[in-house]
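Enquirer: sequence plus the predicted model coming up.
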Amino acid sequence: MAGLTNNTLVFLDVDGPLIPFKVRPVGRDRSLRDAVVQPLDRTGNPLLDRLDPGDGRRLLELGCPLVWATTWMAEANEVISPRLGLPELPVVEWPDGDEDPERGLHWKTAFLSRWAADRPFVWLDDEITEADRRWVAAHHPVRALLQRIDPYVGLTEADFSVVRRWLGRNDAAA
């Protein structure tokens, strides 16, 4: 991705953060057409209409490498990226499920920490808990922001503000 200004990884979940469980309200960035469910497209998934292309722009403006961290896996590049105006992104390939996470820990948490290695990261997901935050704080060698996204609303400007503030502190500390 051209224009990267920060080596902090941004891990992206799809269902909940980018495709909210409820139809997004009409707002500054979305027209009435965007807020109503459209007829099925060639994918047959009516929920794709809940994607907000403005999220893609705001994600790119973070200036960080974006990484799909979703069960959509490579399909996120085929289906989600074009609708958000994103380039093809790296994809976290999940393990086969043989690893049982610690009790109370999300199944993605330890794996994302290992995937990031010695890099700071932001994780945008609707299933993050305090247990995940504590585990990452104790085990990841550098800073990380685990931002829980309300799955009924999806990413909001408030979420992006939290990430931008955190990235600003992260740049200053680097």
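Expert: That came through fine.

Enquirer: for the closest residue to residue 148 other than its chain neighbours, give its distance to residue 122.
Expert: Nearest non-adjacent residue to residue 148, counting by Cβ to Cβ, 6 or more residues apart in numbering: residue 128, 4.2 Å away. In short, each C-beta sits where N, CA and C put it, glycine included. Relative to residue 122, residue 128 is positioned 11 Å away (Cβ to Cβ, to the nearest Å).

Enquirer: what's the answer for residue 130, then?
Expert: Counting by Cβ to Cβ, the separation of residue 130 from residue 122 is 17 Å.

Enquirer: where along the protein do the strands fall?
Expert: Ranges of strands in the chain, per DSSP state E, are 9-12, 66-68, 121-125, 144-148.

Enquirer: tell me the most buried of these?
Expert: Mean neighbour count (mean count of other Cβ atoms under 10 Å) peaks for strand 121-125 among these, with a mean of 25.

Enquirer: quick one: average pLDDT of that one?
Expert: The average pLDDT within strand 121-125 is 99.

Enquirer: same check on stretch 79-95?
Expert: The average pLDDT within stretch 79-95 is 96.

Enquirer: which residues are contacting it?
Expert: Stretch 79-95 has contacts (Cβ atoms under 8 Å, 6 or more residues apart in numbering) with 1, 11-12, 14, 18, 43, 45, 48, 51-53, 55-57, 59-60, 65-74, 76-77, 108, 111-112, 115.

Enquirer: report the buried residues of the biggest helix by length in the chain.
Expert: Ranked by residue count under DSSP state H, the longest helix found in the chain is helix 157-173. Buried positions in helix 157-173, judged by neighbour count with 16 or more other Cβ atoms under 10 Å: 159-160, 163, 166-167, 170.
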